[in-house]
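Peer 1: Following is a predicted model, sequence given first.
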Amino acid sequence: MGMNILLLENDIPLNKAIKKVLELDDHIVDTFLDGQTLLESLEKIYDLYVLDINVPHISGLELLEIILLQNDQAKVIMISSNTDIHSLQTAYDLGCVDYLKKPFHITELRAKVNRLMISREDQFSGVKLKRDSDTLTKKEKRLLNLLLDNLTLVVTYEMIGSYVYEHKPMSMDALRALVRRLRGKMEDNIIQNIVDEGYSILTAPSTENEYQKNKITKKLEALEKENIRLKLEKEVLVKKSTTDPLTGLYNRVKIEEMFLQEQKQFIRHGDPLSLILMDLDHFKAINDVYGHNVGDRYLKELAKTMMVFFNNSDIVGRWGGEEFLILVPRCTLDQAKETAMRLKDTIHEMDCPKVGRRTASFGLSTLNENDTLDSIINRADKALFLAKDGGRNRVEVWGE
C-alpha cells in the first residue's frame with residue numbers, strides 16, 4: 001500500500017515527471033505549483049510532503065515550518081537548486097527528514113520516498129558489528145543514524161559537524177577519525193568515502209524479498225528510460241526557448257538573462273563588461289535581389305563564423321533581423337574594439353555564393369554603474385549610427 005503524498009514543485013515538466021514516477025509505486029500524489037495554492041489546501045493530512053524551497057508566493061522553508069506546527073510527526077523531503085549549507089541546515093533544523101539538490105535523478109527521489117516506508121528497526125537489522133562485545137559511542141551512534149537517514153545522499157563534513165558534534169568546533173582530522181572508528185567496528189565495510197565531499201552508505205541494508213527486488217529492478221529500468229526521455233524533452237524545450245531558430249545563436253531572452261549574471265560580477269568584483277552591437281551593411285538589398293532564402297543562408301554561415309571566432313565565455317546572440325549583439329565579459333573597451341576590428345575583417349573575408357563579400361558596422365559601449373541592458377545598448381546603438389553615418393564597414397566606440 002502506497003502513501004498519500006503532497007508534491008510542491010513549480011517546474012511543470014519536473015512536477016509531472018515526479019508524479020508519474022511516484023504513482024508507479026502505488027503512491028497517491030497531489031501536486032501544487034506555488035506555495036499560496038498549497039497553503040489553502042493544508043487541512044488535509046499527508047503521509048509525506050515533498051517541497052521545493054524556491055517556489056512563488058511563499059517559500060518551501062516557510063511551508064515546512066507551517067506543516068510541522070500542524071503535525072510535528074509529518075515527514076517532509078525538501079528539494080532545491082539552492083545548495084548552500086545554510087539552506088540545508090535550516091531545513092534540517094526545522095525538521096525535514098531528507099534533502100535533495102537539483103539537478104537530481106528522479107529514481108533517487110523514489111528511493112528516498114520508499115525508504116521512509118522502512119522502519120528504523122529494519123534499517124538497523126542489516127548493520128552488524130564485528131564482535132558481540134563491540135559497543136558504539138554516542139558520537140558513533142549519531143554518525144550511523146545520520147548515514148542511515150540519508151542512504152542515497154552524500155553526508156558532508158558540515159552535516160557531520162552539525163549533527164554529530166552539535167556545532168561544536170571540531171577538526172577535519174577528528175571527523176575522519178570518527179568515521180574510521182565506526183568503520184572498524186562494523187562487520188561489513190559499507191561506509192564509502194567520497195573524496196573531498198563526505199561519506200555515504202555503499203550498500204543499503206536490504207529488507208526486501210526476491211520478488212520485491214525483481215519488481216523494483218523492472219520498475220527502475222522503466223523509470224530510467226522515462227527519465228532519459230523527459231530529460232531530452234526538457235533539453236529541447238530549453239534550447240528552443242533560449243536560441244534563435246534560424247542561426248542557433250542566443251535570442252533576446254537568453255541575452256537578457258546572461259547580462260544580469262555578468263552585471264552581478266561587475267557589481268561584486270568590478271569585472272568590466274563590454275558590448276558590441278553589429279549590423280550588416282545593406283542587408284535588405286540581399287533579400288530584395290536574391291530572395292529571403294539566400295539571405296537566411298548567409299545569416300546561418302555568418303552565425304557559424306561567429307561561433308568559431310568568439311570564446312566560450314563570450315555571449316553571442318541575434319538581436320533581431322540582421323543585427324547581432326555580443327557581450328564580452330572581463331574585456332575593456334580597447335580590447336573589445338580590437339576584437340570588433342578583427343571580426344569586421346573576418347566578415348569581409350567571407351565569400352558566400354551569390355552574395356559575395358559583405359561588410360558590417362559596429363557600435364561599442366561598456367557597462368557603467370547603475371546601467372541597465374537598455375541603457376548600455378542605447379549607447380552602443382548611438383555609436384553604431386556614427387559608424388553607419390561615417391561610411392559603414394567601421395567600428396565606433398561611444399565616448400571616444
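Peer 2: That came through, no problem. Residues are numbered from 1 along each chain as shown.
Peer 1: Could you check how far Arg379 is from Arg110?
Peer 2: Counting by CB to CB, to the nearest Å, the separation of Arg379 from Arg110 is 53 Å. In short, each C-beta sits where N, CA and C put it, glycine included.
Peer 1: just Ile5 next, same as before
Peer 2: The spacing between Ile5 and Arg110, counted by CB to CB, is 11 Å.
Peer 1: list residues touching both of the two?
Peer 2: Residues within reach of Ile5 and of Arg110 at once, by CB atoms under 8 Å, 6 or more residues apart in numbering, are Leu22.
Peer 1: Next secondary structure after the helix or strand bottoming out on mean pLDDT in the chain?
Peer 2: Lowest on mean pLDDT, DSSP states H and E among the helices and strands of the chain sits helix 120-125, with a mean of 51. Next in sequence after helix 120-125, counting helices and strands by DSSP states H and E, comes helix 138-148.
Peer 1: Run through the neighbouring helices and strands of that following helix.
Peer 2: On a contact count with 3 or more CB pairs under 8 Å, 6 or more residues apart in numbering; DSSP states H and E, helix 138-148 meets helix 120-125, helix 157-163, helix 172-185, strand 198-201.
Peer 1: For Pro56, which of these is the nearest?
Peer 2: Nearest to Pro56, of all the helices and strands packed on helix 138-148, is helix 157-163, at 29.0 Å by CB to CB.
Peer 1: Just the buried positions in that closest one, please.
Peer 2: By 16 or more other CB atoms under 10 Å, the buried positions in helix 157-163 come out as Tyr157, Met159, Ile160, Gly161, Ser162, Tyr163.
Peer 1: same check, this time on stretch 254-265
Peer 2: Applying 16+ other CB under 10 Å to stretch 254-265 flags Lys254, Ile255, Met258, Phe259, Glu262, Gln263 as buried.
Peer 1: go on, stretch 99-115?
Peer 2: Of the residues in stretch 99-115, Tyr99, Leu100, Ile106, Thr107, Leu109, Arg110, Lys112, Val113, Asn114, Arg115 count as buried by neighbour count, 16+ other CB under 10 Å.
Peer 1: got a list of contacts for whichever helix or strand Leu299 is part of?
Peer 2: Taking DSSP H and E as the definition, Leu299 sits inside helix 292-309. Residues outside helix 292-309 that contact it (CB under 8 Å, 6+ apart) are 246-249, 280, 283, 286-287, 316, 318, 322, 324, 326, 342-343, 346-347, 350, 352-355, 358.
Peer 1: now the strands for this protein?
Peer 2: 4-8, 28-32, 48-52, 75-80, 98-101, 155-156, 191-194, 198-201, 273-280, 315-320, 323-329, 360-366, 395-397 (DSSP state E).
Peer 1: Now do the contacts for Gly35.
Peer 2: Gly35 makes contacts with Leu8, Val55, Pro56, His57, Ile58, Ser59, Gly60, Glu62, Leu63, as judged by CB under 8 Å, 6+ apart.
Peer 1: Give the closest residue to the fifth one in space, chain neighbours not counted.
Peer 2: Spelled out, it's Ile58. Sequence neighbours aside, Gly35 is the residue nearest to Ile58 in space, at 3.3 Å (criterion: CB to CB, 6 or more residues apart in numbering).
Peer 1: Could you measure from that neighbour over to Val55?
Peer 2: Distance from Gly35 to Val55, counting by CB to CB: 5 Å.
Peer 1: Overlap in contacts, the two.
Peer 2: With contacts taken as CB under 8 Å, 6+ apart, the residues that reach both Gly35 and Val55 are Leu8.
Peer 1: Which of the buried residues of stretch 254-265 fall within helices?
Peer 2: Judged by DSSP state H, the buried residues of stretch 254-265 include Lys254, Ile255, Met258, Phe259, Glu262, Gln263 as members of helices.
Peer 1: Just put these in TSV and tack on distance to His269.
Peer 2: Compiled in TSV, those are given as follows (distance: CB to CB, whole Å):
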residue	distance to His269
Lys254	23
Ile255	21
Met258	16
Phe259	16
Glu262	11
Gln263	11
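Peer 1: wait, which of those residues is closest to Leu384?
Peer 2: Distance ranking of these against Leu384, using CB to CB, places Ile255 first at 16.4 Å.
Peer 1: Settle this for me: the closest one is touching Leu327, isn't it.
Peer 2: Yes. Counting by CB atoms under 8 Å, Ile255 does reach Leu327; the two are 7.0 Å apart.
Peer 1: Common neighbours of the two, please.
Peer 2: Shared contacts of Ile255 and Leu327, defined by CB under 8 Å, 6+ apart, comprise Ile315.
Peer 1: Do you know the pLDDT at Lys231?
Peer 2: pLDDT recorded at Lys231 is 69.
Peer 1: Apologies, that question was intended for Gln73.
Peer 2: If you check Gln73, the pLDDT there is 76.
Peer 1: Please apply the same query to Lys388.
Peer 2: pLDDT at Lys388 comes out at 96.
Peer 1: thinking again about what came up before, got the angle between the helix holding Leu299 and strand 323-329?
Peer 2: In terms of direction (axes from the mean of the first three to the mean of the last three CA atoms, to 10 degrees), helix 292-309 departs from strand 323-329 by 10 degrees.
Peer 1: in helix 292-309, what's buried?
Peer 2: Neighbour-count burial for helix 292-309 [16+ other CB under 10 Å]: Val294, Gly295, Arg297, Tyr298, Leu299, Leu302, Ala303, Met306.
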